[in-house]
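Participant: Structural data only, the sequence is not supplied:
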DNA sequence: CAATGTAATGTTATAATGTAACAATTATTG
DNA sequence: CAATAATTGTTACATTATAACATTACATTG
C-alpha cells in the first residue's frame, strides 16, 4: 500500500534542500506512508519500534510539515502524506466521515475564491485550511 | 463589548425551536459573547462562577454548536459567537495571527467553488471548514 | 397533583493531544 | 581535533476532551 517511489522522491528532495531526513524522521514518515488513513501522533508513537517518546514524534512531524512532505488535518488532528511534495502549495481535503478516506485536492477555483475574498477584506493570507467533511463516492454509492 | 441584542435574539430562536437555553448554556454563551477573541473551553471553564466541571462546559458548547449559536475554530480549538445565527449556513473565517481577531465571512463564491469541487469528486459534503490564517487589515497596515 | 419518563446537570476519573526544559549525543565545520 | 550546531533522549507536565454513572430538574399524562 505504500508508495516506495514517494519515499525516494522525498529523500532526494531533502538532499536538494540541504536538510536532513534523519533516521527518526524517516521512520515517522514511513509510518504515515504505510497508513491508508490519516494517523494521529499517538498512533505513530505506538508504531515506533524501537519505542520513542512523544517529543521525538512531534519533532519529526514538525520537520515533515515544514518540508511539506506531510499534511496535518486540523479537524481530525491527524497526519497524512502529501501526494505531491514538490512545490509549496495549498491543498484542500475531502474527508469521508464513513470510511475515513481523505482525498487531497489542489483546486485553483477554490484557491482563487479564497484569495479574492481575503484580499477584499484587506487580509493577507499565510496559510489556508480547507477541510470538507461528507461522504465519498464509494460510501455514498452504497445507499442510504 | 457584548451585544445584548444578540443574546435576546438567541433566546427567542431557542424558544421558536422548542429547545432550552438553560442557565448553564446561557452562562457559557454569555462568556463567549463577552470575549473579544475566540476562547478555549478551559478559558470558559475558568470564568464560570460559580465554578463548573469540564463536562458542563463541553455539553453547553455542544448544544450551542448544534443550534448554530457559536462556531468552533478547528485550527485554534477555540469558540466564538456566530454573528448571524438565523439560518443554517457555512462560514469561512479570517484569523489574524498577530492580534487574534477573527472575521466571519459567508462568501458565496467560496461556497460555490467548494461545492463544485466536491461534487466533481462525487463527494457529498455535510460540513465545511475554511479557516484562513494571516494578517488582518489593521495589523498589515502597521508595517513590516 | 402524583407518578413517571426524559432531559439536563453534577461528579469523578481518565483519555488524547501536545509542549517545556534540560541533558546527552551526533553531525558539521573551521 | 576542537568547537559549534543540529538532533535526539528523557522527564515531567500542560491542554483539550470524554466516559461513566449518580443526581436533579423538567415535562407529560393519567
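Facilitator: Looks like it arrived, so ask away. Bear in mind the structure is a predicted one, so any value in this text is a computation, not a measurement. Numbering: from 1, shown residues only, chains lettered A, B, ... in the order given.
Participant: Which positions in the longest strand anywhere in chain A come out as buried?
Facilitator: In chain A, assigned by DSSP state E, the strand with the most residues is strand A:124-135. Neighbour-count burial for strand A:124-135 flags A:124, A:125, A:128, A:129, A:130, A:131, A:132, A:133, A:134, A:135 (criterion: 16 or more other CB atoms under 10 Å in any protein chain shown). For the C-beta atoms, the positions are set from N, CA and C on the backbone; glycine is no exception.
Participant: Around chain B, which positions in chain A sit nearby?
Facilitator: Taking CB under 8 Å from any CB of the partner chain as the test, the list of chain A residues beside chain B reads A:74-75, A:92, A:94, A:96-97, A:103, A:105, A:107, A:109-110, A:112-114, A:116-118, A:121-137, A:140.
Participant: of these, list those near DNA strand D.
Facilitator: With the criterion set as CB under 7 Å from any atom of the strand, no member of those is near DNA strand D.
Participant: just to revisit the earlier point, check which residues of whichever helix or strand comes after the longest strand of chain A are buried.
Facilitator: Downstream of strand A:124-135, the first helix or strand assigned by DSSP states H and E is helix A:137-141. Neighbour-count burial for helix A:137-141 flags residue A:139 (criterion: 16+ other CB under 10 Å).
Participant: and the residue of chain A found nearest DNA strand D, how many neighbours?
Facilitator: Chain A approaches DNA strand D most closely through residue A:22 (3.1 Å), counting by CB to the nearest atom of the strand. Residues lying near residue A:22 (other CB atoms under 10 Å in any protein chain shown) number 13.
Participant: can you check residue A:100 too?
Facilitator: Residue A:100: 14 neighbours (other CB under 10 Å).
Participant: ok, it - contacts?
Facilitator: Contacts for residue A:100 (CB atoms under 8 Å, 6 or more residues apart in numbering or on different chains) come out as A:37, A:38.
Participant: mind running it again at 6 Å?
Facilitator: For residue A:100, the contact set (CB atoms under 6 Å, 6 or more residues apart in numbering or on different chains) comprises residue A:37.
Participant: mind pulling up the phi and psi values for it?
Facilitator: Torsion angles at residue A:100 (phi, psi; degrees, to the nearest 10) stand at phi 90, psi -10.
Participant: just residue A:82 next, same as before
Facilitator: Main-chain dihedrals, residue A:82, degrees, to the nearest 10: phi -80, psi 130.
Participant: residue contacts, it?
Facilitator: Applying CB under 6 Å, 6+ apart to residue A:82 gives the contacts A:68, A:69, A:70, A:71.
Participant: Just the element for the last one, please.
Facilitator: What it means is residue A:71. Assigned by DSSP H and E, residue A:71 belongs to strand A:70-73.
Participant: Need the residues that contact that strand.
Facilitator: The contact list for strand A:70-73 (CB under 6 Å, 6+ apart) reads A:32, A:38, A:64, A:79, A:80, A:81, A:82.
Participant: Name the nearest of these relative to DNA strand C.
Facilitator: residue A:79 (7.9 Å).
Participant: That closest one looks like it's in a strand, true?
Facilitator: Yes: using DSSP: H, G, I helix; E, B strand; the rest coil, the assignment for residue A:79 is a strand.
Participant: For it, give its distance to residue A:87.
Facilitator: From residue A:79 across to residue A:87, the span is 20 Å (CB to CB, to the nearest Å).
Participant: The two: who's more crowded?
Facilitator: residue A:79 (24 against 7).
Participant: Spit out the contact partners of the more buried one.
Facilitator: Residue A:79 neighbours (CB under 6 Å, 6+ apart): A:32, A:39, A:70, A:72.
Participant: interface residues of chain A facing DNA strand C?
Facilitator: With the criterion set to CB under 7 Å from any atom of the strand, chain A comes near DNA strand C through A:20, A:40, A:41, A:42, A:43, A:53, A:54, A:55, A:58, A:77, A:78.
Participant: Just the buried residues out of these, in PyMOL syntax.
Facilitator: Buried residues within the residues of chain A next to DNA strand C, by 16+ other CB under 10 Å, are selected in PyMOL with:
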select buried, chain A and resi 41+43+78
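Participant: Can you list the low-confidence ranges for chain A?
Facilitator: A:1-2, A:143-144 (pLDDT under 70).
Participant: In space, not sequence, find me the middle residue of it.
Facilitator: Nearest to the geometric centre of chain A sits residue A:71, at 2.1 Å (CA atoms, centre = their mean).
Participant: quick one on the thing from earlier: neighbouring strands for the strand holding residue A:71, and are they parallel or not?
Facilitator: strand A:78-81 (antiparallel) (DSSP bridges).
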